[in-house]
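1. fold the following for me, if possible:
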Amino acid sequence: MAITDLDPTDTELLRLLQRDASLTNKELSAKLHKSIATIHERIRRLKEQGYIKRTVAILDRKKINRNLIAFSQVLLNDHTKETLSTFEREVVKFPEVMECFQMTGTFDFVLRIATSDMDAYHDFYRNKLSTLPRITTVQSFFVLSETKSDTAYPL
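-> Numbering: from 1, shown residues only. Presented below is the predicted three-dimensional model:
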């Protein structure tokens with residue numbers, strides 16, 4: 001389903017919800033000049049059609065002691081379906097792994113990892129990530145500063 005399947009009201013509703021999912025149906029109806037029932041029905045339909053996957057609160061990572069962000073590139077020693085599936089199935093179990101992407105290029109996966117500090121990352125690396133089978137190389141990069149971090153897609 002393409003974004004072209006949405007009318008301007010649906011598109012604006014998604015824009016608003018991406019920025020602040022805590023807006024009530026009443027607030028959304030006022031902003032969009034639609035009835036509360038119409039907004040409720042549109043949100044239900046957008047969820048049903050998969051446009052809205054889930055509604056979450058975005059936390060300040062520093063306030064919850066996730067001060068260190070690492071991007072780790074992982075290279076596996078073979079690329080069989082079983083090896084790739086096993087890695088994916090196991091790596092997502094680690095709470096430190098915030099995102100996991102299979103990639104093209106030199107490395108097979110890129111992970112975004114959040115820990116409290118370098119000691120916690122070291123513990124994660126030695127006792128969790130490095131214990132996974134078939135890993136050949138892990139190359140990690142640590143975030144020094146964050147210029148932009150957005151969760152909203154332009155519509």
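
2. break this structure into its domains for me.
-> If you go by automatic domain parsing, the domain ranges for the chain are 8-48, 68-142.

3. got JSON lines for those, with distance to Ala152 too?
-> Placement of C-beta: from N, CA and C, glycine included. Below are the domains of the chain laid out as JSON lines (distance: least, CB to CB, whole Å):
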{"stretch": "domain 8-48", "distance to Ala152": "4"}
{"stretch": "domain 68-142", "distance to Ala152": "16"}
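
4. how about CSV for those domains, with mean neighbour count, mean pLDDT and distance to Ser149 added?
-> Putting the domains of the chain into CSV (neighbours: other CB atoms under 10 Å; pLDDT from 0 to 100; distance: least, CB to CB, whole Å) gives the following:
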stretch, mean neighbour count, mean pLDDT, distance to Ser149
domain 8-48, 15, 97, 14
domain 68-142, 14, 97, 10
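
5. Pro154: which of the ones you listed is closest?
-> domain 8-48 (8.7 Å; CB to CB).

6. how near is Arg134 to Ser85?
-> From Arg134 across to Ser85, the span is 11 Å (CB to CB, to the nearest Å).

7. find the centremost residue of the protein, please.
-> Glu99 (5.6 Å; CA atoms, centre = their mean).

8. quick check: that one is in a strand.
-> Yes. The assignment for Glu99 is a strand, going by DSSP: H, G, I helix; E, B strand; the rest coil.

9. what about Gln18, which helix or strand?
-> helix 8-19 (DSSP states H and E).

10. which secondary structure elements does that helix contact?
-> helix 25-32, helix 36-48 (3 or more CB pairs under 8 Å, 6 or more residues apart in numbering; DSSP states H and E).

11. ok now stretch 10-18, how far from the chain's centre?
-> Centroid separation between stretch 10-18 and its chain, computed with CA atoms, centre = their mean, to the nearest Å, is 19 Å.
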